[in-house]
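[1] Structure, please.
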Amino acid sequence: MPKWGAFGVQVFIKRDDLLHQYVQGNKWRKLKYNLLEAKRLGKKRLLTFGGAFSNHIYSTAAAGRMFGFETIGLIRGDKLDELSPTLDFAQAAGMRLVYLDRTTYRQRKEPDFLAQMAVDYPDAYVIPEGGSNALALKGVAEIIAEVDEQMPNRLPMTWCVGVGSGGTMAGLIRAVKSTDRVMGFSSLKGDFVDEMVADFLDKEYANWQIWKDGHFGGFAKWKPELIDFMNHFYASTKIPLEPIYNGKLWYRLNDLILDGYFEKGSQLLVVHTGGLQGMEGFRYRFGVG
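    Alright, predicted model coming up:
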């Protein structure tokens, strides 16, 4: 990798991928207070949503097994003859997999759909797709306190994070110092991601922006140069990435640094949100990585 210091930029990384082997990164942050709330309410089951390669499904299944919850995953799409590596793990961890056709799955946020889920699964604690809700943001905010403790004399900082469901970025926006800013790197194609993040905010903030030109064609889309970059990044840093979120973040961020986008003396803090289980599924789907 280039020596970013030569461009007058200091780059730090918050290794949330190291939080836990199975419940990594932002999934640990998002699930923490949701699981505590489920315990407080006396719930024995967790009900959530995701696709066949979802980090959230994987992590919820693992967390349920660890903390004594039954888990139910409502999975987008028809059941395949062979389970994806993610669903194979989730099922082995005790998650009951329920498949919804894509039309039905698109209704997952609708009041009527959720009301029916409450009838079908009356004893379940419902966690939204991706794990993003108000309690998730509370967990994400703890990243800021940890970094401030580790770097008490830090400068005003740019926090960099991948954007999927928007909850992790929103949690950072709400918790950073007023002199900081938050920069998101979208894995999704479309301008709707700004609104998606804004929906989680309690007021208007002027301290954030999202780069929407580094998605390589859309969610889970990729090109060989992204894989080459990830492999080179690992060879240089020994830090593993995956091509859905963190790989795309670093690819675009590296270009910004080399293009002189950041002022000299800037401090960047990149949150590694984990999701490394996705590499097995990526290889399963595409045969590369």
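[2] Now do the same contact list for Lys79.
    Neighbour list for Lys79: 97, 99 [criterion: CB atoms under 8 Å, 6 or more residues apart in numbering]. To be clear about C-beta, it is placed using only N, CA and C from the backbone, and glycine gets the same treatment.
[3] separation between it and Tyr33?
    32 Å (CB to CB, to the nearest Å).
[4] One more: Leu269?
    22 Å.
[5] Of these two, give the one with the bigger neighbour count.
    Comparing Leu269 with Tyr33 by neighbour count (other CB atoms under 10 Å), the higher total belongs to Leu269, at 23 against 18.
[6] Before we go further, the more buried one is sitting in a strand, right?
    Yes: the assignment for Leu269 is a strand, going by DSSP: H, G, I helix; E, B strand; the rest coil.
[7] Contact partners for it?
    12-14, 147, 157-160 are the contacts of Leu269 under CB under 8 Å, 6+ apart.
[8] try 6 Å
    Residues near Leu269 by CB atoms under 6 Å, 6 or more residues apart in numbering: 12, 157, 159.
[9] which residues pair with it across the strands?
    Beta-bridge partners for Leu269, by DSSP bridges, are Phe12, Trp159.
[10] in the stretch 151-289 of the chain, which spans are strands?
    157-163, 181-186, 208-211, 266-271 (DSSP state E, counting those that start in this stretch).
[11] Quick one: which of the contacts of Leu269 is the most crowded by neighbours?
    Taking other CB under 10 Å as the neighbour criterion, Trp159 ranks highest of the contacts of Leu269 with 26 neighbours.
[12] In this structure that one contacts Val182, no?
    Yes: contact criterion CB atoms under 6 Å: Trp159 and Val182 qualify, at 4.7 Å.
[13] Could you tell me which residues touch both of those two?
    Leu172.
[14] can you redo the strands of the stretch 151-289 of the chain as CSV with mean pLDDT?
    Below are the strands of the stretch 151-289 of the chain laid out as CSV (pLDDT from 0 to 100):
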stretch, mean pLDDT
strand 157-163, 98
strand 181-186, 98
strand 208-211, 98
strand 266-271, 97
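[15] Quickly list the domain ranges of this structure.
    4-21+134-286, 25-131 (automatic domain parsing).
[16] Determine how far the last residue of the longest one lies from the first.
    To tie it back to what came earlier, the one meant is domain 4-21+134-286. 32 Å (CA to CA, to the nearest Å).
[17] Helices of this protein, residue ranges please.
    Assigned by DSSP state H, the helices in the chain fall at 25-40, 55-67, 85-92, 102-105, 111-120, 134-150, 167-175, 192-198, 224-237, 246-258, 278-286.
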